[in-house]
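1. turn this into a model:
(chains A and B)
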Protein chains: 2
Amino acid sequence: MKLIPEDKKLYIKDLKDFVGKQVQLECWMYNKRESGKISFLQLRDGSGFVQAVVEEKDVDSITWDETKKATIESSCIITGEVVPHFKEKDKFEIRISKFEIAQLAAEYPIGKKDHGPEFLFENRDLYLRSKTPWAVLRIRNQVFLSITNFFHEEGFLRGDTPILQPTSCEDTTELFEVDYYGTPMYLSQSGQLYSEAAIMSFGKVYDFGPVFRAEKSKTRNHLSEFWMMDAEMAFYDQDMNEDLQERLVKRILKDALENCKQELEILERDTTIMEACIAKPFKRMKHFEAKKELEGDGFTVNYEDDMTTEEEIALGNKYGIPVFIEDYPFEVKSFYMKSYVDEKGVKRARCADLIAPEEAREIIGGSQREDDYDVLLKELKERDYPVSDYEWYLNVRKYGSVAHAGFGIGMERMVRWISGVHHIRETIPFPRTIVLNRP
Amino acid sequence: MKLIPEDKKLYIKDLKDFVGKQVQLECWMYNKRESGKISFLQLRDGSGFVQAVVEEKDVDSITWDETKKATIESSCIITGEVVPHFKEKDKFEIRISKFEIAQLAAEYPIGKKDHGPEFLFENRDLYLRSKTPWAVLRIRNQVFLSITNFFHEEGFLRGDTPILQPTSCEDTTELFEVDYYGTPMYLSQSGQLYSEAAIMSFGKVYDFGPVFRAEKSKTRNHLSEFWMMDAEMAFYDQDMNEDLQERLVKRILKDALENCKQELEILERDTTIMEACIAKPFKRMKHFEAKKELEGDGFTVNYEDDMTTEEEIALGNKYGIPVFIEDYPFEVKSFYMKSYVDEKGVKRARCADLIAPEEAREIIGGSQREDDYDVLLKELKERDYPVSDYEWYLNVRKYGSVAHAGFGIGMERMVRWISGVHHIRETIPFPRTIVLNRP
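-> As a prediction, the model looks like this:
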């Protein structure tokens, strides 16, 4: 009896609709407990997990022998009746009537004993089958869907920006170079500059794809290849920009809490703070206010500098909700940001980083963009950028310039926050860091 | 009066709900026709296009002077009443009461005269604002959404695969190399091998991102960077694979016809054949049958070879619906495909290319994958692949191997078919080819 989805296959996630019925499942056996004439098989098929019980008296000898023979991770096809789980409410198990091994797995390298993370990531292709990566990457899938749906509903066009770029958007010291038919090109650090050009046609656009940083540091926060969503909006100022970001983050959290209950349970994630983040308005404070606050809390702060890791963590802990830190000193920010001089004579960027609680730190960076041709040209020259490479980017300010703003959200940082895992490499299927690249 | 979406801004696409009302729009003037005391301004805001009429007698002298002064592509803020279009049913125009220039555009390089395509692509950032790219890239956006929604509804996990890969999946002569912390890595040609490992955890996965081919040819069919969707399914054979592809292609066409009416109209696309493709089952024929058919139609065919461009076009024209060409000679296909020997002793791949009509040619390539460890290992050795690099890929056949299949769909080829444009570079915002890379 293969019934449900369009591909006519029945999956574990659908079992609740088949209680009392005979079903057939194609799956893997990820664990087995044997107790004389009864065996308990732990099965998974990608959509979920289920326990199957087989008793020698209920089945023919071929089926019984196959269940005895089956090794961890063997693929199998089982037939049986869906029954309520013997003690857990709202869960189901299967009373097996037939069991067939599709392939008997070789001895599985990832056993019950504790492996170090290095071993697990050297065998990432196999480690992916464990419950933690399964749960984390399903949360990643949900975050992707939330972002896609959100921007569609808000009237954005998805406009893919190129990976191969002749110039750099952010820090030039962290570029990966490619020999492009004899000319050097660089792997994208951000699609932002391209999206700024695209809003002149489409109004509001976003891209969402891999970006690259040649990060020579080996920390739990760094990947050399990661996914970034960049949104740009025409006729937008920084306040509207922050409003949009707040709506997006709340949407992502809400969808994850609603649609990833099983995954969050597997990860033993306490969701109290995330729930508060949905309910309350986000905090907004100026960079100098944040520094002052931290100084009052005992930090030795530098008012002219970026926020440090410790400062971001402290602010996140203090407020327990996401905090927009606004108007950084222009010196520590990118050339494309709109600037102003405050009453104390400090040149500031109309920008905000969004700091998440629970040590998730910066999850979004955004700003209003400089929309004045002359101001931007001067800034490019002062920073010694090759102006001719930026001519097309300057065009955005030459032909119908508009107030515009945008922001970037790091997929992996967002997923790490929601899933509560420690190391960023847990949040992407095949991480690329300075050390491990196989597979 | 700024009312509608969550960002509280009114867009041209929403004007139909505001007939008889005063509205304010932030937009660009893409054209202007003046006739004494009346001017007709063509406006666009990214969401759509609208005509605005201003009469000297209705407005104050400042507004009148601003409309006279406004140059092509100037950004502007207008206020006026939404009224039915004076001759086109179901269209609306605006009677301007106030007109303000946000920025007066410099003389716009893309004028009314015909530019060659080279000029337009050298100025891609500006050419994006024209109606054709606007329409084509909105169709691209819709195709992206259709694919995302389809796979979500079919129970797939989106699993991103790495761009930086130590080994190659397809043709090794077309690789872009990257210096990765002193070790060579290659830009992805496909995420397929990674997705095969991922289905062992998630059952059904797809990825969708940029892939790269160092294509030294300069034709209307080639891009060096393009977007590819790869889907892989556990416990799937080639028939189920083709069923899934047919559902997906029909869904993409249906969504585009329903949601991109305005865009298809701009492109003057005759949709008769696309409609037929939704209504009729796709044709399925073996490679040798296709060759025989073509031979009967006067072609000089090679039964042992791939389909030629001309053959693909001829089959598409003949049937007027997509045609699955199944079971190519294994020799011309990739090492990872499942093979069998037919009754004539020819080794064949359990695969199919999907050929679309209207000269769109191959839009999908797919196959059942080899699931036997020894057969795959032998094939890798025969083709002189570095076996140690593929150890993790062989693991898929070592620990619970299953019948599995998958396919890849080229985003740009699909978009080109639907939009009916000639050159593939029209279908991506910032194309990367052997010649043009700025912006």
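2. so, low pLDDT: which residues of the stretch 1-150 of chain A?
-> A:1-7, A:112 (pLDDT under 70).
3. for chain B, what is the nearest residue in it?
-> Using Cβ to the nearest Cβ, the closest approach of the stretch 1-150 of chain A to chain B is made by residue A:46 at 2.2 Å. Quick note: C-beta positions are derived from backbone N, CA and C, even for glycine.
4. how much space separates the nearest residue to that residue once chain neighbours are set aside from residue B:246?
-> Of all residues not flanking residue A:46 in the chain, residue B:203 sits nearest, at 2.2 Å (Cβ to Cβ, 6 or more residues apart in numbering or on different chains). From residue B:203 across to residue B:246, the span is 21 Å (Cβ to Cβ, to the nearest Å).
5. and those two? which has more neighbours close in?
-> Between residue B:203 and residue B:246, counted using other Cβ atoms under 10 Å in any protein chain shown, residue B:203 has the larger neighbour count: 29 against 18.
6. from memory that one sits against residue B:232, does it?
-> No. Residue B:203 is beyond contact range of residue B:232, at 9.6 Å (criterion: Cβ atoms under 8 Å).
7. hmm, back to that, what about the residue of the stretch 1-150 of chain A closest to chain B, neighbour count?
-> Counted with other Cβ under 10 Å, residues neighbouring residue A:46 total 27.
8. next: residue A:173.
-> 9.
9. now the closest residue in space to it that isn't next to it in sequence, what's its secondary structure?
-> Sequence neighbours aside, residue A:214 is the residue nearest to residue A:173 in space, at 7.9 Å (criterion: Cβ to Cβ, 6+ apart). When classified by DSSP: H, G, I helix; E, B strand; the rest coil, residue A:214 comes out as coil.
10. now do residue A:363
-> Going by three-state DSSP, the state assigned to residue A:363 is strand.
11. what are the boundaries of the strands in the stretch 201-350 of chain A?
-> A:204-212, A:225-234, A:283-286, A:323-326, A:339-341, A:347-349 (DSSP state E, counting those that start in this stretch).
12. just the CA trace of the second one, in PDB.
-> The C-alpha trace of strand A:225-234 is given here as PDB (Å, rounded to 0.1, in the frame of the first residue of the first chain):
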ATOM      1  CA  GLU A 225      32.200  29.500   1.800                       C
ATOM      2  CA  PHE A 226      28.800  30.400   3.300                       C
ATOM      3  CA  TRP A 227      25.400  31.600   2.200                       C
ATOM      4  CA  MET A 228      24.400  35.200   2.300                       C
ATOM      5  CA  MET A 229      21.100  36.900   1.500                       C
ATOM      6  CA  ASP A 230      21.400  40.500   0.400                       C
ATOM      7  CA  ALA A 231      18.300  42.700   0.000                       C
ATOM      8  CA  GLU A 232      18.300  46.200  -1.500                       C
ATOM      9  CA  MET A 233      15.300  48.600  -1.700                       C
ATOM     10  CA  ALA A 234      14.800  51.700  -3.700                       C
END
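13. tell me what angle it forms with strand A:204-212.
-> Per axes from the mean of the first three to the mean of the last three Cα atoms, to 10 degrees, the angle that strand A:225-234 makes with strand A:204-212 is 160 degrees.
14. just checking, what packs against strand A:225-234?
-> helix A:192-202, strand A:204-212, helix A:238-259, strand A:404-410, helix A:411-419 (3 or more Cβ pairs under 8 Å, 6 or more residues apart in numbering or on different chains; DSSP states H and E).
15. using JSON lines, lay out those together with distance to chain B.
-> JSON lines is the format used below for the helices and strands packed on strand A:225-234 (distance: least, Cβ to the nearest Cβ, whole Å):
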{"stretch": "helix A:192-202", "distance to chain B": "4"}
{"stretch": "strand A:204-212", "distance to chain B": "5"}
{"stretch": "helix A:238-259", "distance to chain B": "6"}
{"stretch": "strand A:404-410", "distance to chain B": "10"}
{"stretch": "helix A:411-419", "distance to chain B": "8"}
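16. can I get these in CSV with mean pLDDT and distance to residue B:358?
-> Output for the helices and strands packed on strand A:225-234, formatted as CSV (pLDDT from 0 to 100; distance: least, Cβ to Cβ, whole Å):
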stretch, mean pLDDT, distance to residue B:358
helix A:192-202, 98, 27
strand A:204-212, 98, 29
helix A:238-259, 98, 39
strand A:404-410, 98, 38
helix A:411-419, 98, 37
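17. how about those, which one is nearest residue A:95?
-> Among those, helix A:238-259 comes nearest to residue A:95, with 30.0 Å by Cβ to Cβ.
18. follow-up on the earlier one: which one of the strands of the stretch 201-350 of chain A lies closest to residue A:399?
-> strand A:225-234 (12.7 Å).
19. partner strands of the closest one, with direction?
-> Within its sheet, and counting by DSSP bridges, strand A:225-234 is paired with strand A:204-212 (antiparallel), strand A:404-410 (antiparallel).
20. and those as TSV, adding mean neighbour count?
-> Putting the strands paired with strand A:225-234 into TSV (neighbours: other Cβ atoms under 10 Å in any protein chain shown) gives the following:
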stretch	mean neighbour count
strand A:204-212	25
strand A:404-410	24
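21. so which of those is nearest residue B:309?
-> Of all the strands paired with strand A:225-234, strand A:204-212 comes closest under Cβ to Cβ, at 30.2 Å.
22. after the biggest strand by length in chain A comes which helix or strand?
-> For chain A, the longest strand by residue count, based on DSSP state E, is strand A:22-35. Per DSSP states H and E, the first helix or strand lying C-terminal to strand A:22-35 is strand A:38-44.
23. give me the distance from that next one to the chain's centre.
-> 32 Å (Cα atoms, centre = their mean, to the nearest Å).
24. quick check: residue A:277 touching residue A:252?
-> No. In this structure, residue A:277 is not within contact of residue A:252 by Cβ under 8 Å, at 10.0 Å.
25. identify the contacts common to these two.
-> When contacts are counted by Cβ atoms under 8 Å, 6 or more residues apart in numbering or on different chains, residue A:277 and residue A:252 have no shared neighbour.
26. neighbour count: those two, which is higher?
-> Remark: of residue A:277 and residue A:252, residue A:252 carries more neighbours, 25 against 22, as counted by other Cβ under 10 Å.
27. residues touching that one, list them.
-> So residue A:252 contacts A:143, A:146-147, A:150, A:414, A:418 (Cβ under 8 Å, 6+ apart).
28. reformat these as TSV; add neighbour count.
-> Listed next are those as TSV, based on neighbours: other Cβ under 10 Å:
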residue	neighbour count
A:143	27
A:146	20
A:147	21
A:150	22
A:414	27
A:418	29
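29. can you give me the domain boundaries for chain A?
-> Listed by automatic domain parsing, the domain ranges of chain A are A:6-103, A:125-427.
30. please identify the most buried of the ones you listed.
-> domain A:125-427 (a mean of 19; mean count of other Cβ atoms under 10 Å in any protein chain shown).
31. quick one: end-to-end distance for it.
-> End-to-end span of domain A:125-427 (Cα to Cα, to the nearest Å): 14 Å.
32. what sits against the one residue in the stretch 201-350 of chain A that gets nearest to chain B?
-> Proximity of the stretch 201-350 of chain A to chain B (Cβ to the nearest Cβ) peaks at residue A:203, 2.2 Å away. By Cβ under 8 Å, 6+ apart, the contact list for residue A:203 reads A:155, A:157, A:233-235, B:11, B:45-47.
33. for the residues you listed, which one is nearest residue A:113?
-> Closest approach between the contacts of residue A:203 and residue A:113, by Cβ to Cβ: residue A:157, at 50.6 Å.
34. hmm, the closest one is touching residue A:199, no?
-> No. Using Cβ under 8 Å, residue A:157 is not in contact with residue A:199, being 9.0 Å away.
35. who touches both of those two?
-> By Cβ under 8 Å, 6+ apart, the residues touching both residue A:157 and residue A:199 are A:205, B:46.
36. and residue A:10, how far from residue A:17?
-> 9 Å.
37. also residue A:77?
-> 20 Å.
38. again, but for residue A:201
-> Distance from residue A:201 to residue A:17, by Cβ to Cβ: 47 Å.
39. residues touching the nearest residue to residue A:418 once chain neighbours are set aside, list them.
-> Residue nearest to residue A:418 in three dimensions, not counting chain neighbours: residue A:256, with 5.0 Å by Cβ to Cβ, 6+ apart. Contact partners of residue A:256, counting by Cβ under 8 Å, 6+ apart, are A:139, A:142-143, A:146, A:264, A:274, A:418.
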